[in-house]
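Engineer: my questions are about this predicted structure, shown below with the sequence.
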Amino acid sequence: AGIASFIKTVLALHHQVLPPSLNFKTPNPQIDFENSPFYVNNQLSAWKSNGTPRRAGVSSLGFGGTNAHVILEEAPHLETSAIGRTQQLLMLSAKTTSSLEKATANLIGHLQQHPELNLADVAYTLQVGRRVLDHRRFVICQDIQDALSALQDPKRIFNSIQANSERPVAFMFTGLGTHYVNMAGELYQTEPIFSEQCDRCCQILKPLLGVDLINGLYPQQ
């Protein structure tokens, strides 16, 4: 009964309604409801708020003395964040290949049911609000519809299996003579951290080389 009452109260907070008391017909005549702040809620009604969060107490009293009282409060209203960058990275991970497929299907179903979601919020929750497990998957997309398309297109899905362990620092030195003007130009235009670090490095090198490399890398910027 305690668990049922707990779930019922959570749902009432979520939907902001007061469920009716079942099988109520007439009150006990010994209870002076008219001169008290109490009443019997005999029909589904809105749970009005006076500007403070809605709160409710749930008591579970056991014959063996295992009594508990839980105070619940409605979740705070979260403002939708900005759209953010034009491309978003959706990341999934699971313990097994089958559970990764299930997680992907669950995400597809959720996005289909809630097309109004901000893709930046979805990407953030998947990246920082979930545990990192061995079987991993990610897609790059622009909006909810593009995300649905990417998650169902094997050519756009990137998979890997990586044990979750601490890794030492790795130094990567690229360069095969394939550099060209405006290389990574889109990143420079859309990713503030990338452009800030490019500018910073070029400023460090400028007095040593006698030239501002940023003008050679991105002459149109």
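Structural biologist: Everything's here; your move.
Engineer: got the contact list for the spatially most central residue of the chain?
Structural biologist: Per CA atoms, centre = their mean, the C-alpha nearest to the average position across the chain is that of T125, at 2.7 Å. Contacts for T125 (CB atoms under 8 Å, 6 or more residues apart in numbering) come out as none. For glycine as for every other residue, the C-beta is placed from the backbone atoms N, C-alpha and C.
Engineer: remind me which helix or strand it belongs to.
Structural biologist: helix 119-128 (DSSP states H and E).
Engineer: which SSE is immediately downstream of that helix?
Structural biologist: As the chain continues past helix 119-128, the following element, by DSSP H and E, is strand 135-141.
Engineer: just checking, what packs against the next helix or strand after that following strand?
Structural biologist: Using DSSP H and E, the helix or strand that directly follows strand 135-141 along the chain is helix 144-151. On a contact count with 3 or more CB pairs under 8 Å, 6 or more residues apart in numbering; DSSP states H and E, helix 144-151 meets strand 88-94, helix 97-113, helix 119-128, strand 135-141.
Engineer: now the longest one and strand 88-94, what's the angle there?
Structural biologist: Right, helix 97-113. 140 degrees (axes from the mean of the first three to the mean of the last three CA atoms, to 10 degrees).
Engineer: all strands for this structure, in order.
Structural biologist: 17-18, 45-46, 55-60, 68-73, 88-94, 135-141, 158-161 (DSSP state E).
Engineer: I'd say L107 and S93 touch.
Structural biologist: No - in this structure, L107 is not within contact of S93 by CB atoms under 8 Å, at 11.9 Å.
Engineer: so where's this structure shaky on pLDDT?
Structural biologist: Where the chain drops to pLDDT under 70, the residues are 1, 80-83, 164, 174-177, 221.
Engineer: hmm, back to that, in the helix holding T125, what's buried?
Structural biologist: Neighbour counts over helix 119-128 (16 or more other CB atoms under 10 Å) mark L119, D121, V122, A123, L126 as buried.
Engineer: show me which of these is closest to I3.
Structural biologist: Nearest to I3 out of these is L126 (CB to CB; 29.9 Å).
Engineer: look up how far I144 lies from the residue nearest to that closest one when sequence neighbours are not counted.
Structural biologist: In space, L126 comes closest to M91 once its chain neighbours are excluded; the distance is 5.1 Å by CB to CB, 6 or more residues apart in numbering. Plainly put, M91 is 16 Å away from I144 if you go by CB to CB, to the nearest Å.
Engineer: also C201?
Structural biologist: Relative to I144, and taking CB to CB, C201 is found at 36 Å.
Engineer: with N67 instead?
Structural biologist: From N67 to I144 the distance is 47 Å (CB to CB).
Engineer: so between the two, which is more surrounded?
Structural biologist: I144 (18 against 11; other CB atoms under 10 Å).
Engineer: how about that one, what does it touch?
Structural biologist: Counting by CB under 8 Å, 6+ apart, I144 makes contact with L111, P115, L117, L119.
Engineer: mind listing what the nearest residue to the last one once chain neighbours are set aside touches?
Structural biologist: Take L119 and drop its neighbours on the chain: the residue closest to it by CB to CB, 6+ apart is Q88, 4.9 Å away. Taking CB under 8 Å, 6+ apart as the contact definition, Q88 lies against L119, A120, V122, A123, I140, C141, Q142, A147.
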